[in-house]
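A.B. asks: Okay, sequence plus prediction incoming.
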Amino acid sequence: MDKNGCTERNRRYMDAWLQMIRSYDHLQSQVAALLQSHGLTVPQFEVLSTLATADCTNQQELADRLQVTKGNLVGLIDRLTERKWVERLQVPEDRRVNKVRITEAGKTLIHSVLPEQAGIVEKMMAGLEETELETLRDLLKKLIPQP
C-alpha cells in the first residue's frame, strides 16, 4: 500500500478508468463540436437518432431508452419541437400519453449528421486493428451489468 492507502491493484484500476474517461472526453468533445455546428446538443442528437430508428414511441419509452428522466426529456422534446425536428402526437385512447415522432426535417438533419459523426469515431479508432476493436467493445460491455 502507498501513503494514500492504495494498493498496486487499486492503481491499475484507476489508471485504466482514467484512460477510459480521457478517451471518452476526447471523443465527446469532438462530437459535441460537430453537433454544435449543426445547431444540436449531444442530448438532442441522441433523441433524434433514437427516433430515427424507432417509428414512433411515447415519451416514457423514449426516456427509458435514453436513460434520462421524463422531466429532462420534456425540455429536450420542447426544444426539438420548436425547431420542427420532432412532433408530439396525443394518443386518443389515453390523453395522458404523448407519442413522439421525428419529422422529415429531423430525418434530413440526422441523416446528414450521422455520417460525419461516424467519421469522427472512425478516425479516432483508426489506429486499432479489427481484433483490437472487437476486444475493446467486448471489454467495455463487461463493465455494464447485463439484465
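C.D. replies: Ah, there it is.
A.B. asks: Tell me the spacing between Ser112 and Leu80.
C.D. replies: Counting by Cβ to Cβ, to the nearest Å, the gap from Ser112 to Leu80 is 16 Å. Where you see a C-beta, it was placed from the backbone N, CA and C, and this is true even at glycine.
A.B. asks: The two: which has the busier surroundings?
C.D. replies: Using other Cβ atoms under 10 Å, the more surrounded residue of Ser112 and Leu80 is Leu80, with 23 against 10.
A.B. asks: Quick check: pLDDT value at the residue nearest in space to the middle of the chain.
C.D. replies: The centroid of the chain falls nearest to Glu46 when counting by Cα atoms, centre = their mean (4.8 Å). Glu46 carries a pLDDT value of 92.
A.B. asks: What of Leu143?
C.D. replies: 89.
A.B. asks: any idea of the mean pLDDT in stretch 10-25?
C.D. replies: 92.
A.B. asks: Ignore what I typed, I meant stretch 115-126.
C.D. replies: Mean predicted confidence for stretch 115-126 is 93.
A.B. asks: now stretch 82-101
C.D. replies: 84.
A.B. asks: For it, buried residues please.
C.D. replies: 85-87, 98-100 (16 or more other Cβ atoms under 10 Å).
A.B. asks: Adding distance to Thr108, write these out as JSON lines.
C.D. replies: Formatted as JSON lines, the buried residues of stretch 82-101 follow (distance: Cβ to Cβ, whole Å):
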{"residue": "Trp85", "distance to Thr108": "9"}
{"residue": "Val86", "distance to Thr108": "13"}
{"residue": "Glu87", "distance to Thr108": "14"}
{"residue": "Asn98", "distance to Thr108": "23"}
{"residue": "Lys99", "distance to Thr108": "21"}
{"residue": "Val100", "distance to Thr108": "17"}
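A.B. asks: Now, the residues you listed that are in strands?
C.D. replies: 86-87, 98-100 (DSSP state E).
A.B. asks: I'd like to know which elements the helix or strand hosting Gly71 is packed against.
C.D. replies: Following DSSP states H and E, one finds Gly71 within helix 70-82. If you count contacts as 3 or more Cβ pairs under 8 Å, 6 or more residues apart in numbering; DSSP states H and E, helix 70-82 packs onto helix 42-53, helix 59-66, strand 86-91.
A.B. asks: Tell me which residues of it come out buried.
C.D. replies: Neighbour count says helix 70-82 has 73, 76-77, 80 buried, by 16+ other Cβ under 10 Å.
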